[in-house]
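Participant: next one to model:
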Amino acid sequence: MKKILTLAAIVLAIGGCSGQQADTQATPVNIKSLAGDSAVTDIRPADAMPVYPSRGKALERSFTDQPPLIPHKDDYKITLDKNGCLTCHSWDKAPRMKATPVAKSHVIDDKGTLNGHNYFCTQCHVAQAENKAPLVENKFSNQ
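Facilitator: Sure thing, here's the model as predicted:
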């Protein structure tokens, strides 16, 4: 009981001295942006969240030798010590995980050890998602 009273006294003392009391007479904060005093008039709903394809469905490649797109999120951690993509795509785990194994052109031995040039998968491979609107204008054509 003595500990609870002591703790309550400490909390009240800290709360009273912290300056966190609501100031009902506070003046509004005047924030200016680098753009000046322009008002925000364009209010729209947030962009739609990307929808990733269901398992086994991949987008067709747009050009020859295009790195295949990743049919899931590409937020796996890749550090010098560990490549999160290899949790499923290493040669020894891919059949069990029903994932595409790392390409033979990316390895240096018959055990599937990645070479240094292809270690960071997301430098070439990106996630494919059904985005409702293009992020940037693109006039690319494969014809």
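Participant: against residue 120, how distant is residue 83?
Facilitator: Distance of residue 83 to residue 120, given as Cβ to Cβ, to the nearest Å: 8 Å. Heads up, the C-betas are built off the backbone N, CA and C, glycines and all.
Participant: so for the two, which residue has more residues nearby?
Facilitator: residue 83 (18 against 15; other Cβ atoms under 10 Å).
Participant: tally of neighbours for the nearest residue to the more buried one once chain neighbours are set aside?
Facilitator: Nearest non-adjacent residue to residue 83, counting by Cβ to Cβ, 6 or more residues apart in numbering: residue 119, 6.3 Å away. Applying other Cβ under 10 Å, we find 14 residues neighbouring residue 119.
Participant: cool, and residue 91?
Facilitator: 15.
Participant: ok, now residue 10?
Facilitator: Around residue 10 there are 10 residues (other Cβ under 10 Å).
Participant: which phi and psi does it have?
Facilitator: Backbone torsions for residue 10, taken as degrees, to the nearest 10, come to phi -70, psi -40.
Participant: tell me the spacing between it and residue 2.
Facilitator: Distance from residue 10 to residue 2, by Cβ to Cβ: 13 Å.
Participant: same check on residue 114?
Facilitator: Residue 114 is 62 Å from residue 2, by Cβ to Cβ.
Participant: so which of the two has more stuff around it?
Facilitator: residue 114 (19 against 6).
Participant: list the buried residues in stretch 97-117.
Facilitator: 99, 101, 102, 106, 107, 112, 114 (16 or more other Cβ atoms under 10 Å).
Participant: spatially central residue for this structure, please.
Facilitator: By Cα atoms, centre = their mean, the mean C-alpha position of the chain lies nearest to residue 75, the distance being 5.1 Å.
Participant: pLDDT score for that one?
Facilitator: According to the prediction, residue 75 has pLDDT 86.
Participant: cool, and residue 116?
Facilitator: 89.
Participant: repeat for residue 23
Facilitator: pLDDT, read off for residue 23, is 63.
Participant: cool, and the one 3 residues further on?
Facilitator: For residue 26, the model assigns a pLDDT of 73.
Participant: cool, the one 10 residues further on as well?
Facilitator: We have a pLDDT of 75 for residue 36.
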